[in-house]
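Chemist: Please work out how this folds:
(2 chains)
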Number of protein chains: 2
Amino acid sequence: MNQPSIPKGTRDFSPNEMARRNFIFEVMRKHFERFGYAPIETPSFENISTLTGKYGDEGDQLIFKILDNGDYLKDVPTESLTGRNLNEITSHIASRALRYDLTVPFARFVVMHRNEIQFPFRRYQIQPVWRADRPQRGRYREFFQCDADIIGTQNLMCEAELILLFDAVLSELRIHADIRMNNRKILQAIALTAGVEDRFMEMTIAIDKLDKIGPTGVAAELSSRGFHEEAQTKIMEPFTWTDDFDGMLYKLEKHLISCEVGETGMNELREVKKWVDHAGLSTSQLVLDLTLARGLNYYTGAIFEVRARDIEFGSICGGGRYDNLTGVFGLPNVSGVGISFGADRIYDVMLSLGLFDDSVTGHSHILLLHTDEQTQLACFQIAAMLRKHGVSVEVYADQAKLKKQLKFANDRGFRWVGIMGEEELLSRQITLRRMKDGSQHRCAIDELAQFPWT
Amino acid sequence: MNQPSIPKGTRDFSPNEMARRNFIFEVMRKHFERFGYAPIETPSFENISTLTGKYGDEGDQLIFKILDNGDYLKDVPTESLTGRNLNEITSHIASRALRYDLTVPFARFVVMHRNEIQFPFRRYQIQPVWRADRPQRGRYREFFQCDADIIGTQNLMCEAELILLFDAVLSELRIHADIRMNNRKILQAIALTAGVEDRFMEMTIAIDKLDKIGPTGVAAELSSRGFHEEAQTKIMEPFTWTDDFDGMLYKLEKHLISCEVGETGMNELREVKKWVDHAGLSTSQLVLDLTLARGLNYYTGAIFEVRARDIEFGSICGGGRYDNLTGVFGLPNVSGVGISFGADRIYDVMLSLGLFDDSVTGHSHILLLHTDEQTQLACFQIAAMLRKHGVSVEVYADQAKLKKQLKFANDRGFRWVGIMGEEELLSRQITLRRMKDGSQHRCAIDELAQFPWT
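Modeler: As a prediction, the model looks like this:
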């Protein structure tokens, strides 16, 4: 067989990477739970009908489908096969697909378990999702989402609560974050003001590309879609403003024509800001970003996107309010709001900024070395005793020269080794060696459980 | 849309189930790390060539394959389509497949990362695997395996270490376990003694069914496969013995014809037993079970299977030594030994035996109630302050009658509620109510961080 490989866009995680990733997950889990969010998990694959039609046409193309087992061709008409009718064939041979995000499975979960759930329901979910996207920096085909949602209430305290949750997690991870907020209703009012309210989706799709193609690109895109010049100017004007939260609101109020959706949007922004100010943020900044559009169709109110201030990396978290996501599954009028931490991007940002502590590694314990079978047996017994005291310890597995064993200890980065030779065995002691400075001393085996491993 | 559902053999996990499952995973993780095993993770899907041919024909049928994205039919010859040649078509339309176990991906990992790894390498891995098996009690299509392996040494201390690891985890979970051990070499010697050494695989396949079809069934199967009566008797005789470890070994020594493989097998069993005895087991028993065969072909030495003594449930853990699993990926002569905890079966056993502590639930914190927007704002601020002190706290999200809020607190099983009314707000106090006995008293907000929530 050739050298083995793994599929494009997927990754193996080594012990050191796992230690860092688990550090991130543990910080999230801790804060999710402090905020009262309870963990759930859903299956890795869903019935394909649960997923399709929720992420737009482009999203549907990126869903990984699972080939049915057994004779998967049995229901495929011969005409479809000979005509190579892909859509028709796919509908017969793949009844399940890998999760594309955590929000749609969550909506499905809420509907299926609505009789066991007390609303409002706060849940968090940390699981991988899969997208057949073209792999590139920071974009993988298998990656972890870490979502917190509260569903069954429209109270704007929830938006503020989630902003505090962003801040709590990212502050502990030492990422200085801009939490950018906008509101879909504001974008609707901007469309209304520009006289293009009937082309709202087209407008947001163009705006959503501002980061990639800049204002000139967005203007060009609007032109090519046939937006007339006056509408373009009206749409683009707010994106040229720079000001703080209240200043932006003030300018917006002057810009927008009087309309209910605009009033509601501005009130929602003000209200969320009020709640956030009341509790205060730790290291993050809340920014009103009128250019923020978010691609996903299901958002109806607040939308969020988070970036690290100290590095150009793109968005590391997102979220927003959806007023009727459970409706497609038969439970209408249940409003929810949720956020998603992109664990893989957060990892990349922390690595680039050097934010991982050296102590976060996969290896940091004690190795016991020996000189023959009798001393190895003694090490084995000592290791069992130490583990009962909560100490992490390994016994070198083979019988080998001490020099080889010490090299292994060094290569693996053990902090301490314990050496058990004939002399130590006879005196019921062990020689302890601190690897970083090579200092050594003897310790009685009976006192080893109390030894301060620092 | 109809009522949503999830694919057969998959499950949603609620907060309470998650709390219990995480409890199990945490116990495993803790002991894995104490024993010096370091975490890795591998992608959910592998190149299909990595997986096929490793699990026997039956296993290959149960692998979930992923449909290629885009025009997956482009390389399929028209004759294959019209001829409905499944194998040929599958080879063109599915280049990746979901992980079937953790051992084969681990072997692939070791080969790919052999230059970064120090051998012997101890790793653990807790991830889901997928099998298109017929779902039944204790058998799911998506389930978690929790594996610990040490690779790159033949030292039998490792077998003993893993037996101690079984014992450490299962003892903490309060499952009284029989750790059943056998050795593939003993089975080879039994085949040799019965004069059927050339039909070893057939023999083990029949023996492996002993649990399901009993000794009469195994004898019938051996007959139907054409094993003559004398061979049958020789094969079946050891399975009628009952004795302790040493007694079984003594009987075996008399039964087997003198042969190297038998000698080696018995020495290995004795050696492992010696190491285990030297450290001692906590609540588990080590049993020599000569009927233990294990289906997987790659085992070459010790094999393990664990059962709970207090319930009839089948195997909850397994494992064994494999002398050349990395060979198929181009790295020969690397011996390893590993064990696998079946987290889902352990969960089911613990639930049946009532082994979960009541405190292991998804909800156990504090809910703050309020009477209007001002008091809700105060609650929001108090919650933020308490969380900074590590307390898990929710604010009731909507403005509602206190009675409704209290009912929610009760339904959700909160231990404490804090009630913030106008009076409390003015006096900078909060009324605390312990839900289990309804006892109430006032606490100053400034002293709340020090309150003992018991």
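
Chemist: Around chain B, pick out the residues from the stretch 251-400 of chain A.
Modeler: Within the stretch 251-400 of chain A, the positions near chain B by C-beta under 8 Å from any C-beta of the partner chain are A:275, A:278-280, A:328-330, A:362-363, A:365, A:367, A:376-377, A:380-381, A:383-384, A:387, A:390-395, A:397-399. No exception for glycine: its C-beta is placed from N, CA and C like everyone else's.

Chemist: Any regions of chain A where pLDDT drops low?
Modeler: A:1-2, A:295-296, A:362-364 (pLDDT under 70).

Chemist: domain parsing for it?
Modeler: As given by automatic domain parsing, the domain ranges for chain A are A:15-63+A:100-187+A:273-353, A:366-450.

Chemist: would you turn those domains into a markdown table with mean neighbour count?
Modeler: Below are these laid out as a markdown table (neighbours: other C-beta atoms under 10 Å in any protein chain shown):
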| stretch | mean neighbour count |
| --- | --- |
| domain A:15-63+A:100-187+A:273-353 | 20 |
| domain A:366-450 | 17 |
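
Chemist: Mind checking the ones you listed for the one nearest to residue B:94?
Modeler: domain A:15-63+A:100-187+A:273-353 (13.3 Å; C-beta to C-beta).

Chemist: got the residue ranges for the helices in the stretch 101-250 of chain A?
Modeler: Using DSSP state H, counting those that start in this stretch, the helices of the stretch 101-250 of chain A run over A:103-112, A:157-172, A:184-193, A:200-207, A:210-224, A:229-236, A:245-255.

Chemist: Can you tell me the centre-most residue of chain A?
Modeler: residue A:342 (2.7 Å; C-alpha atoms, centre = their mean).

Chemist: What is the burial count for the residue nearest to residue A:266 when sequence neighbours are not counted?
Modeler: Take residue A:266 and drop its neighbours on the chain: the residue closest to it by C-beta to C-beta, 6 or more residues apart in numbering or on different chains is residue A:249, 6.2 Å away. For residue A:249, the neighbour count with other C-beta atoms under 10 Å in any protein chain shown is 17.

Chemist: was I right about residue A:249 contacting residue A:269?
Modeler: Yes - assessed by C-beta atoms under 8 Å, residue A:249 is found in contact with residue A:269 at 6.4 Å.

Chemist: Name the residues contacting each of these two.
Modeler: Common contacts of residue A:249 and residue A:269 (C-beta atoms under 8 Å, 6 or more residues apart in numbering or on different chains): residue A:288.

Chemist: that older thread, quick one: contacts for the residue nearest to residue A:266?
Modeler: Per C-beta under 8 Å, 6+ apart, neighbours of residue A:249: A:266, A:269-270, A:288.

Chemist: Same check on residue A:235?
Modeler: A:190-191, A:194, A:196, A:203, A:207, A:222, A:227 are the contacts of residue A:235 under C-beta under 8 Å, 6+ apart.

Chemist: Tell me the one among the residues you listed nearest to residue B:185.
Modeler: Closest to residue B:185, out of all of these and judged by C-beta to C-beta, is residue A:207, at 69.7 Å.

Chemist: Identify all contacting residues around stretch A:128-136.
Modeler: Everything outside stretch A:128-136 that qualifies as a contact, by C-beta under 8 Å, 6+ apart, is A:8-9, A:44, A:61-64, A:98-102, A:139, A:141-145, B:44, B:69.

Chemist: just how off-centre is that stretch within its chain?
Modeler: Relative to the centre of its chain, stretch A:128-136 is centred 13 Å away, using C-alpha atoms, centre = their mean, to the nearest Å.

Chemist: Same check on stretch A:329-349?
Modeler: Offset of stretch A:329-349 from its chain centre (C-alpha atoms, centre = their mean): 9 Å.

Chemist: Equivalent analysis for stretch A:336-353, please.
Modeler: Here stretch A:336-353 shows a centroid-to-chain-centroid distance of 5 Å under the convention C-alpha atoms, centre = their mean.

Chemist: about what we covered before: which residues does the residue nearest to the centre of chain A contact?
Modeler: Contacts for residue A:342 (C-beta under 8 Å, 6+ apart) come out as A:143, A:145-146, A:315-318.

Chemist: Relative to residue A:169, how far out is the closest residue to residue A:369 other than its chain neighbours?
Modeler: The shortest distance from residue A:369 to any non-neighbouring residue, by C-beta to C-beta, 6+ apart, is to residue A:405 (4.4 Å). Residue A:405 is 42 Å from residue A:169, where distance means C-beta to C-beta, to the nearest Å.

Chemist: same thing with residue A:434?
Modeler: 35 Å.

Chemist: now residue A:101
Modeler: Computed as C-beta to C-beta, the residue A:101 to residue A:169 distance reads 19 Å.

Chemist: The stretch 251-400 of chain A: helices as residue ranges?
Modeler: A:260-279, A:343-353, A:373-388.

Chemist: elements contacting the first one?
Modeler: Right, helix A:260-279. Judged by 3 or more C-beta pairs under 8 Å, 6 or more residues apart in numbering or on different chains; DSSP states H and E, helix A:260-279 is in contact with helix A:157-172, strand A:177-183, helix A:184-193, helix A:245-255, strand A:285-288, strand A:302-308, helix B:373-388.
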